[in-house]
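Undergrad: Fold the following and give me the result.
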Amino acid sequence: MIRNRRRSTAALYLAGDMLAALLAFFAAWFLRFEVGIPALTKGVPDFGVYLRLLPVILVLWPVVFYFHGLYQSRRDRSRVDEALTILLAVVVATVVLSSLQAWFRPLEPGSGDPFTFSRAFMGFYVLSCVAMVIVARVILRHLLQQMRLRGYNLQRILIIGAGALGR
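TA: Next up, the predicted model:
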């Protein structure tokens with residue numbers, strides 16, 4: 001029973017993390033190629049090539065987050081500790097993603113040259129992903145706390161005993 005509750009809470013955090021990673025991807029694209037921070041020198045690349053990163057991100061991020069313990073139920077974890085763990089996990093996942101990009105580069109559309117992903121895009125992605133995952137987890141934690149205060153998902157137990165512990 002308790003294990004099922006932990007799994008459902010972990011599944012909520014997983015869904016929130018994936019939604020935050022997806023939104024961070026589009027935010028990074030918008031900041032880099034629509035707003036143009038910093039100024040574009042090579043023009044706007046094909047969005048379809050960047051979309052090829054999404055399946056890798058949506059598989060890699062939960063694996064790295066899992067191994068950093070972000071889906072384990074730990075009530076003693078402070079928000080600062082969780083935020084630093086998220087930062088570390090996103091940086092590790094980005095390093096793995098960057099190394100995968102170095103080995104498996106797609107071909108540039110229209111030419112036979114290997115395509116290189118924008119480093120500024122990756123920087124924006126890291127920053128926006130960390131911020132959005134932290135915000136998503138704060139919102140989810142608040143919603144779960146409000147639900148528990150209303151009595152949802154609580155299990156009442158009876159403690160029978162004698163002495164000071166039973167009173």
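
Undergrad: helices or strands up against the longest helix along the chain?
TA: Longest helix in the chain by number of residues (criterion: DSSP state H): helix 119-149. Counting contacts by 3 or more C-beta pairs under 8 Å, 6 or more residues apart in numbering; DSSP states H and E, helix 119-149 is packed against helix 2-29, helix 79-103. Just so you know, the C-beta spots here come from the backbone N, C-alpha and C atoms, and that holds for glycine as well.

Undergrad: what mean pLDDT does the last one have?
TA: Read it as helix 79-103. The average pLDDT within helix 79-103 is 92.

Undergrad: ok, now the first one?
TA: The average pLDDT for helix 2-29 rounds to 90.

Undergrad: tell me the angle it makes with helix 79-103.
TA: 60 degrees (axes from the mean of the first three to the mean of the last three C-alpha atoms, to 10 degrees).

Undergrad: Helix 2-29 vs helix 119-149, what angle?
TA: Here helix 2-29 points in a direction 150 degrees away from that of helix 119-149 (the same axes, to 10 degrees).

Undergrad: circling back: give me the buried positions along the longest helix of the chain.
TA: 120-122, 124-134, 136-137, 140-141 (16 or more other C-beta atoms under 10 Å).

Undergrad: Reformat the helices and strands packed on helix 119-149 as CSV; add mean neighbour count and distance to Lys42.
TA: What follows is these, written out as CSV (neighbours: other C-beta atoms under 10 Å; distance: least, C-beta to C-beta, whole Å):
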stretch, mean neighbour count, distance to Lys42
helix 2-29, 16, 15
helix 79-103, 15, 17
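
Undergrad: now for those helices, which one comes closest to Gln72?
TA: Shortest distance between Gln72 and the helices and strands packed on helix 119-149, using C-beta to C-beta, is found for helix 2-29: 7.7 Å.
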